[in-house]
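Student: 3D model of this:
(one chain, ligands or ions: 1)
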Amino acid sequence: MTIKSQETTAPHKLTVKGIKKSFDGREVLHGITFDVHGGEFLSILGPSGCGKSTLLRILIGLEHPDAGSVLLDGENITDAAPSKRHMGIVFQDYALFENMTALGNVEYALRFDPTRRVRRSQIALDALASLGMADFANKPVAGLSGGQMQRVSIARTLALSPEVILLDEPTSGLDADARLALRSQLKNIQRDHGTTMIFITHDQEEAFALADRVMVMGEGSIHQLDEPLHIVENPADSYVRDFVVANLKAKYDSLARFASPLE
Ligand SMILES: Nc1ncnc2c1ncn2[C@@H]1O[C@H](COP(=O)(O)OP(=O)(O)OP(=O)(O)O)[C@@H](O)[C@H]1O
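Tutor: Next up, the predicted model:
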């Protein structure tokens with residue numbers, strides 16, 4: 001396992017130490033340790049079943065680890081309720097109320113936050129505007145496209161001003177254009193709001209396109225955590241070379257062939 005910390009003076013926003021988790025006697029996370037810097041975009045990349053979602057659910061508090069700890073700004077939050085963690089999560093299936101408007105969905109999340117209840121309409125509108133969805137505020141969610149629904153779901157999370165946003169394969173149900181649009185909107189949110197983002201995916205290209213650092217997982221452990229270019233140039237082991245680098249190279253080689261002038 002190779003883990004490179006970013007050369008930065010930014011303190012760790014999130015520290016994850018020795019996380020283990022078993023289901024039915026089978027260990028699916030074997031002691032996961034890493035940290036995330038404030039404002040960083042971290043992609044967690046791994047094949048289906050390697051434990052990405054379980055790790056994310058432990059970070060937000062929907063699952064409790066068998067061992068290990070999670071610290072936010074140095075404070076141990078391993079036993080804290082999800083609502084007390086200053087984190088938001090976005091799921092791939094949007095989890096919206098489809099009979100309500102886009103604005104209604106975002107406002108609904110704010111009802112439970114006494115500090116934002118009074119100004120909730122304006123906060124919800126601002127969050128929708130950040131995702132380019134202001135014009136759709138009063139449209140029922142059921143009539144929106146998948147990409148638009150996912151943007152409403154991200155706006156709902158953003159409206160609560162979380163310090164960390166966890167994204168569980170948010171683009172997986174979308175077509176190519178909607179995926180590209182959502183990627184750039186996520187990067188804009190990171191830049192404009194300084195939000196720390198942890199994005200899980202099994203798509204190599206997507207992980208590398210978005211991230212400040214990529215964490216490559218396989219079967220419950222970390223194989224490498226580093227900046228994208230460094231992983232491509234120095235894969236830590238044969239797993240990273242085969243699963244990540246060879247796959248990316250194949251994709252770019254085939255693109256290059258299409259880009260070649262016709263003979
Ligand atoms: N509640 C549960 N009960 C039993 N087994 C579980 C449970 N949750 C996850 N698992 C198992 O843990 C392993 C890791 O699952 P997890 O969903 O975290 O992987 P993943 O990398 O996110 O996969 P995917 O990309 O397909 O969602 C899998 O073998 C899965 O079957």
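
Student: quick one: buried residues of the helix or strand harbouring Glu206?
Tutor: Using DSSP states H and E, Glu206 sits within helix 204-210. For helix 204-210, the neighbour count (16 or more other Cβ atoms under 10 Å) marks 204, 206-208, 210 as buried. Backbone N, C-alpha and C define where each C-beta goes, glycine included.

Student: same deal with stretch 182-200?
Tutor: For stretch 182-200, the neighbour count (16+ other Cβ under 10 Å) marks 182-183, 185-186, 189-190, 193, 195-200 as buried.

Student: Can you flag which of those belong to helices?
Tutor: Of these, the ones assigned to helices by DSSP state H are 182-183, 185-186, 189-190, 193.

Student: CA atoms of stretch 37-52 as PDB?
Tutor: Presented in PDB, the C-alpha positions along stretch 37-52 are these (Å, rounded to 0.1, in the frame of the first residue of the first chain):
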ATOM      1  CA  HIS A  37      -7.400  17.600   3.500                       C
ATOM      2  CA  GLY A  38      -9.800  20.500   3.700                       C
ATOM      3  CA  GLY A  39     -11.200  21.500   0.300                       C
ATOM      4  CA  GLU A  40      -9.700  18.400  -1.300                       C
ATOM      5  CA  PHE A  41     -11.500  16.300  -4.000                       C
ATOM      6  CA  LEU A  42     -10.700  12.600  -3.200                       C
ATOM      7  CA  SER A  43     -11.900   9.900  -5.600                       C
ATOM      8  CA  ILE A  44     -12.200   6.400  -4.200                       C
ATOM      9  CA  LEU A  45     -11.800   4.000  -7.100                       C
ATOM     10  CA  GLY A  46     -12.400   0.200  -7.000                       C
ATOM     11  CA  PRO A  47     -14.300  -2.600  -8.600                       C
ATOM     12  CA  SER A  48     -17.800  -3.600  -7.500                       C
ATOM     13  CA  GLY A  49     -17.800  -5.300  -4.100                       C
ATOM     14  CA  CYS A  50     -14.500  -4.000  -2.900                       C
ATOM     15  CA  GLY A  51     -16.100  -2.100   0.000                       C
ATOM     16  CA  LYS A  52     -16.400   1.500  -1.200                       C
END
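
Student: Which pLDDT does the model give Gly25?
Tutor: The per-residue pLDDT reported for Gly25 equals 95.

Student: What is the following helix or strand past the helix holding Glu206 packed up against?
Tutor: Per DSSP H and E, the first helix or strand lying C-terminal to helix 204-210 is strand 213-218. Here strand 213-218 touches strand 41-45, strand 221-226, helix 228-233, helix 238-240, going by 3 or more Cβ pairs under 8 Å, 6 or more residues apart in numbering; DSSP states H and E.

Student: can you list the residues of the stretch 101-250 of the chain near the ligand?
Tutor: Within the stretch 101-250 of the chain, the positions lying close to the ligand (Cβ under 6 Å from any ligand atom) are His202.

Student: Now do the residue of the stretch 101-250 of the chain found nearest the ligand against Ala209, distance only.
Tutor: The minimum distance from the stretch 101-250 of the chain to the ligand, using Cβ to the nearest ligand atom, falls at His202 (5.3 Å). Using Cβ to Cβ, to the nearest Å, one gets 14 Å for the distance from His202 to Ala209.
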